[in-house]
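Colleague: Structure, please.
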Amino acid sequence: MEEKIITIPKENTSPTNDDFNHLMAETVSKLNKHSRHNPAFFQNMSPSKLEEESCEAIKSACDGTPFNPKKIELVSGHKFPDIIAGEIYGVEVKSTKADHWTSTGSSIVESTRNDLVQNIYMLFGKLGGEKPEFICRPYSEVLSEIAVTHSPRYLIDMKLKEGETIFDKMDTTYDEFRTSEDNIAKVRAYYIEKAKNENKQEMPWWISSTDVEKPLNFNLRMWNSVGKAERKMMTAYCLILFPQIWRSDSDQKKYQEACLWLCSFAQIITPNMRDIFSASGKVALKNEGKRYPHIVKTLVDNAPNVKQLLQHPTAETIELIKEFNPSLLRSMDLFNNWIEDCCIYGNTEGAPLAEWINEQPRLFIIR
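Modeller: Predicted coordinates:
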């Protein structure tokens, strides 16, 4: 749905928020009165036509207020706000053809927002049902969640109760959030923490897990279609970030977080995650009889790539470790910390793992 913003300037008479509230109450009253007398006029109205009608309704409601109707102007173009008239107040016009008070709103980034607009209200038209109806509320009070179309956008709920906005849930305010330099990271952190608190295996797929700009692949890819070098690097990342993979826990769910991360971070789908790390069967060193879990071979074989990532970590790698396995940061020697964890918590069944990793290469056979 298209959305438009009407902004109203601060006149010499210095209109107050109370003045603007009165103006918008009068506007809503005029629109609802018109709708009661002629519901068909609004029921099939296009978004752009509704914006024009809303703008005219605001102008006609200016009588007796400090606002000058001549300065309320509808401006075309993809701007936020799209309709500019002044400096202080703005009204976003939104509508739905359905019989409910919810819709998808503007982008959370607001990169094209007019910097002069300080107070925005949502004027919402519910055009479905027996007769169209209109409500106007402060913009920040009707944003319930964040969803994704082609970019992260707010969800609008005109009947939202006090204290239930997305900003209440994230323990921030609309103005603090919209002016934050890392609001995308804050959204990601919120939804990851929300999933953990609800004991759900979920991960945001639509934004990078770090602040480092990284282009996304246009298409999702199957693991077996990915190049060998990239598969090796992604395997090393998984062994670093998700230690539950190589711990002794036999729960198959231990692969799920890594599987979600591969899809989110690299757009790679892995239908047989277990086969990558700990396929059936045991391994032994060539010409030796003792057998070890397959994960031992995985850890030793991938140690050179792990070492490369941990001994010279990029800013992106550090951010990933902070998010998924922060215990690795307990000292500056990240690679040695990883080896220690593998030896202590890994399902190695007595294998001299540290020795084998540091004595690369090793030749294993599957038995």
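Colleague: which residue sits farthest out from the middle of the chain?
Modeller: What lies farthest from the middle of the chain is Asn287; by Cα atoms, centre = their mean that is 52.1 Å.
Colleague: Can you classify that residue as helix, strand or coil?
Modeller: Of the three states, Asn287 takes coil under DSSP: H, G, I helix; E, B strand; the rest coil.
Colleague: can you check Tyr154 too?
Modeller: Put simply, Tyr154 is strand when judged by three-state DSSP.
Colleague: what stretches of this structure score poorly on pLDDT?
Modeller: 1-14, 76-78, 82-86, 149-150, 204-218, 248-252, 280, 360-367 (pLDDT under 70).
Colleague: tell me the domain ranges of it?
Modeller: Listed by automatic domain parsing, the domain ranges of the chain are 4-170, 221-366.
Colleague: Tabulate the ones you listed in a markdown table, adding columns for distance to Ile184.
Modeller: Backbone N, C-alpha and C define where each C-beta goes, glycine included. Formatted as a markdown table, the domains of the chain follow (distance: least, Cβ to Cβ, whole Å):
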| stretch | distance to Ile184 |
| --- | --- |
| domain 4-170 | 7 |
| domain 221-366 | 13 |
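Colleague: Report the buried residues of stretch 267-285.
Modeller: Residues Ile268, Ile269, Thr270, Met273, Ile276, Phe277, Ser278, Lys282, Val283, Ala284, Leu285 are the ones in stretch 267-285 that count as buried (16 or more other Cβ atoms under 10 Å).
Colleague: where's the fifth one relative to Ile295, distance?
Modeller: Relative to Ile295, Ile276 is positioned 11 Å away (criterion: Cβ to Cβ, to the nearest Å).
Colleague: what's the span of stretch 111-127 from first residue to last?
Modeller: In stretch 111-127, first residue to last residue: 29 Å (Cα to Cα, to the nearest Å).
Colleague: before we move on, the earlier item: among the buried residues of stretch 267-285, which one lies nearest to Ala258?
Modeller: Set against Ala258, the nearest of the buried residues of stretch 267-285 by Cβ to Cβ is Met273 (6.6 Å).
Colleague: who's in contact with that closest one?
Modeller: Tyr255, Gln256, Ala258, Cys259 (Cβ atoms under 8 Å, 6 or more residues apart in numbering).
Colleague: what separates the last one from Pro15, distance-wise?
Modeller: Computed as Cβ to Cβ, the Cys259 to Pro15 distance reads 55 Å.
Colleague: what's the answer for Lys322, then?
Modeller: Lys322 is 47 Å from Pro15, by Cβ to Cβ.
Colleague: same thing with Ser103?
Modeller: Counting by Cβ to Cβ - Ser103 and Pro15 are separated by 28 Å.
Colleague: just the strands in the chain please.
Modeller: Using DSSP state E, the strands of the chain run over 4-8, 89-96, 102-107, 119-126, 133-138, 143-148, 152-157, 221-222, 268-269, 282-285, 292-293, 364-366.
Colleague: Quick check: which of those strands is buried the most?
Modeller: Highest mean neighbour count among these (mean count of other Cβ atoms under 10 Å): strand 4-8, with a mean of 28.
Colleague: Report all helices and strands that the longest helix seen in the chain contacts.
Modeller: For the chain, the helix with the greatest residue count under DSSP state H is helix 17-37. If you count contacts as 3 or more Cβ pairs under 8 Å, 6 or more residues apart in numbering; DSSP states H and E, helix 17-37 packs onto helix 39-43, helix 47-60, strand 119-126, strand 133-138.
Colleague: now the longest one: how far from the chain's centre is it?
Modeller: Okay, so that is helix 47-60. 33 Å (Cα atoms, centre = their mean, to the nearest Å).
Colleague: Pull out the buried positions in it.
Modeller: Buried residues in helix 47-60 (16+ other Cβ under 10 Å): Pro47, Leu50, Glu51, Glu53, Ser54, Cys55, Glu56, Ala57, Ile58, Lys59.
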